[in-house]
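[1] I'll drop the sequence and a predicted model, then ask my questions.
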Amino acid sequence: MSGNLFSLIRARTERVSAPFIVSPTGQATSYEAAFAESAKLANLLVSKGVKPGDRVAVQVEKSARALMLYLACLRVGAVYLPLNTGYTLAEMEYFIGDAEPRVVVCDPAKLAGISALARELGVAHVETLDRNGIGTVSEESGDLATEFSDVERTGDDLAAILYTSGTTGRSKGAMLTHANLTSNASVLKGSWRFTADDVLLHALPIFHTHGLFVATNVTLMAGSSMVLLPKFDPDEIFRLLPGATTMMGVPTFYTRLLDDPRLTRETTANMRLFVSGSAPLLAETHRAWEQRTGHRILERYGMTETNMITSNPYEGERIPGSVGPALSGISVRVCDPETGAAKPAGEVGMIQVKGPNVFKGYWRMPEKTAAEFTPDGYFITGDLGKIDDNNYVSIVGRGKDLVISGGYNVYPKEVETEIDAMDGVFESAVIGVPHHDFGEGVTAVVVLNKGANLDEKGVLSVLESKLAKYKLPKRVLFVDALPRNTMGKVLKNELRQTYKDLYALKRAV
Ligand code: MLC
Ligand code: AMP
């Protein structure tokens, strides 16, 4: 049997007339309709010359048709390359140049800029798709066949590339195979007891692991439905909660909902599961949620490179502040970051992971790939944690210089590089400090050259044209010198301590 994720999903779908995607206004796209629609799009991709292994880069707003395009790529054997809608043209230039896609699909509003880039970088086709599912991909596929013979894939063939920023600046394309995605979706479906009766409230973006693979693939594997919201909006969440059974979110979803008086036992009475991940969920948030709703949030831990690694149990103890034991078939260990020696239970070290969930490597970066694996095949996550006697993992920090803001990763190096290149800047340090809404707030601490005339607004206005909005510092602070150790290394911990109250925690949770 083919290892193509789509073929496996299709073979498992029992009730093809059941809804797969439901719009916020109640319009349903059945599994049958999704198969027909994705076949049309697959035929369109083939007509554009897309062959197995070709990349299809997609920077579009969230819509049901965008997910059909993802399915179409799987069916054709193409490599789906979703890109954050917030990326600037400068960022897009790197991704398109690095991935060399055969087709780029963008929002019609971005067509001029993307077309110019595509010409420069030799991309064969640029197509459009807007938030309502309208664009050249829908126009050109309208009359195409609703059947498509799905391309055979082995489990080891690529299904997707997701770019993740690197601590050294350049983004790396994580290559995920059909087997990576299939194994993780089936394990999660079982672990979280997803069935065809579930309705998932889907408010996450669909260009990252959480909203695309965890939420969508688990839904597809289980034959359940999801209500596809364009974005996280508490009014919409409260309106739709009574018809849903599950929700997945980043911690900011949960803290924002806790701030809302509509969050009660009654409004969440139909729900059976709330899942949190992508960033640390404060134990206080977990407890406050339980007090208000009676539900214990299930926290899990994952990465773009590994899909989901650990999860608190569906049945059994969900421990606040812990991300739970390794998922079935996945090995997790904690090792000394310097020597690599395994640490005993309870001791802090580098979290390493091995299993069918772990990616194939970074796109065209064999040295970087090799550097992230141990000789015995474990992927080095960069997260620091410990494992208790019951195999529950707790993440206690990061061995990588990374800020997670509202579930989005921001690599300080990337922001520092842009600031340091500005006229008048001597040097900068970008850090994350506690933020009441985003968990961590990106903060820039800048040293100017003598006599330079640059202020916070000036720095931000230059950054705006270069970096996606979520990467922009919430504050830019100016100092005479950065604190350094005797080796000359900037003491980011000291800076984090100095500015720890910058975005004062306004809530009690
Ligand atoms: C938006 N802004 C952010 C931001 N999101 N700034 C920092 N961090 C973020 N995450 C900016 C906006 O551009 C805006 O700028 C201002 O902050 C306020 O915006 P908002 O309206 O309050 O934000 P909103 O649109 O509501 O978005 C917040 C959010 C969103 C939390 C809903 O960021 C989100 O959906 N995050 C989920 C990210 C995610 O899916 N991560 C999974 C990665 S996969 P201005 O200037 O216009 O005011 C992964 C692996 C795993 O990590 O384990 O899952
Ligand atoms: P990304 O590269 O966007 O996939 O982000 C992966 C990183 O998110 C991990 O390496 C962790 O640092 C972090 N992360 C994901 N889930 C959790 C969680 N439940 N608790 C703490 N950190 C998490």
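    Here it is on my side, so go on. Ligands and ions are numbered 1, 2, ... in the order given.

[2] make it CA atoms for all contacts and neighbour counts henceforth
    Will do.

[3] Leaving out the residues flanking it, which one is nearest to the residue of the stretch 151-300 of the chain found nearest ligand 1?
    Each residue of the stretch 151-300 of the chain has a distance to ligand 1, by CA to the nearest ligand atom, and the smallest belongs to residue 278, at 3.6 Å. Once its chain neighbours are removed from consideration, residue 278 has its nearest residue in residue 407; the separation is 5.3 Å (CA to CA, 6 or more residues apart in numbering).

[4] who's in contact with the one you found?
    Residue 407 is in contact with 250-252, 277-279, 438, counting by CA atoms under 8 Å, 6 or more residues apart in numbering.

[5] before we move on, what about residue 381?
    For residue 381, the contact set (CA under 8 Å, 6+ apart) comprises 350-353, 372.

[6] need the residues of this structure near ligand 2, please.
    Within the chain, the positions adjacent to ligand 2 are 164, 277-280, 299-304, 323, 381, 383, 395, 409 by CA under 6 Å from any ligand atom.

[7] same thing but 5 Å
    Along the chain, the residues adjacent to ligand 2 under the rule CA under 5 Å from any ligand atom are 277-280, 300-304.

[8] From these, keep the buried residues only.
    Neighbour-count burial (16 or more other CA atoms under 10 Å) applied to the residues of the chain next to ligand 2 gives 277-280, 300-304.

[9] Could you measure from residue 396 over to ligand 1?
    Computed as CA to the nearest ligand atom, to the nearest Å, the residue 396 to ligand 1 distance reads 15 Å.

[10] shouldn't residue 174 be in contact with residue 158?
    No: with contact defined as CA atoms under 8 Å, residue 174 and residue 158 do not form a contacting pair (10.2 Å).

[11] And these two? Which one has more around it.
    Using other CA atoms under 10 Å, the more surrounded residue of residue 174 and residue 158 is residue 158, with 27 against 22.

[12] what pairs with the more buried one across the strands?
    As for beta bridges, residue 158 partners with residue 177 under DSSP bridges.

[13] Please name the residues that touch it.
    Listed by CA under 8 Å, 6+ apart, the contact partners of residue 158 are 53, 77-79, 175-178.

[14] For these, which two are the farthest from each other?
    Using CA to CA, the contacts of residue 158 span at most 13.8 Å, a distance reached by 77 and 175.

[15] what sits in contact with each of these two?
    Counting by CA under 8 Å, 6+ apart, the shared contacts of residue 77 and residue 175 are 158-159.

[16] between the two, who's got more neighbours?
    A count of neighbours by other CA under 10 Å puts residue 77 above the other of residue 77 and residue 175, at 29 against 24.

[17] mind checking how far the most far-flung residue of the chain relative to its centre is from ligand 1?
    Of all residues in the chain, residue 451 has its C-alpha farthest from the mean position, at 42.0 Å, by CA atoms, centre = their mean. Computed with CA to the nearest ligand atom, the distance linking residue 451 and ligand 1 is 29 Å.

[18] ok, now residue 329?
    Look at residue 329 and ligand 1: by CA to the nearest ligand atom, they are 18 Å apart.

[19] who's in contact with that residue?
    Contacts of residue 329 were listed using CA under 8 Å, 6+ apart, and they are 355-356.

[20] Give me the residue ranges of this structure where confidence is low.
    Screening the chain residue by residue with the criterion pLDDT under 70, one finds the ranges 166-169, 505-509.

[21] can you point me to the longest helix in it?
    When the chain is parsed with DSSP state H, its longest helix is helix 31-47.

[22] Leaving out chain neighbours, which residue sits closest to residue 391?
    With CA to CA, 6+ apart, the residue lying closest to residue 391 is residue 325, at 5.2 Å.

[23] From what I see, the one you found and residue 393 are in contact.
    Yes: with contact defined as CA under 8 Å, residue 325 reaches residue 393; the gap is 5.8 Å.

[24] tell me the SS of residue 220?
    Using DSSP: H, G, I helix; E, B strand; the rest coil as the criterion, the local structure at residue 220 reads helix.

[25] just residue 301 next, same as before
    When states are read from three-state DSSP, the local structure at residue 301 comes out as strand.

[26] Once you drop chain neighbours, what's closest to it?
    Using CA to CA, 6+ apart and skipping the chain neighbours, the partner closest in space to residue 301 is residue 310 (5.3 Å).

[27] quick one: the one you found and residue 331 touch, right?
    No: counting by CA under 8 Å, residue 331 is not a contact partner of residue 310; they are 9.4 Å apart.

[28] quick one: which of these two has more around it?
    Neighbours were counted for residue 310 and for residue 331 using other CA under 10 Å; residue 310 has more, 25 against 16.

[29] Could you check how far the more buried one is from residue 335?
    As defined by CA to CA, to the nearest Å, residue 310 lies at a distance of 17 Å from residue 335.

[30] Then residue 362?
    With distances defined as CA to CA, the gap from residue 362 to residue 335 amounts to 23 Å.

[31] Kindly report the same for residue 453.
    With distances defined as CA to CA, the gap from residue 453 to residue 335 amounts to 47 Å.

[32] again, but for residue 29
    Relative to residue 335, residue 29 is positioned 47 Å away (CA to CA).

[33] what does residue 60 give?
    Residue 60 sits at a distance of 40 Å from residue 335 (criterion: CA to CA).

[34] ditto for residue 422
    40 Å.

[35] So those two - more neighbours on which side?
    Neighbours around residue 422 and residue 335, counted as other CA under 10 Å, are more numerous at residue 335. The numbers are 22 against 16.
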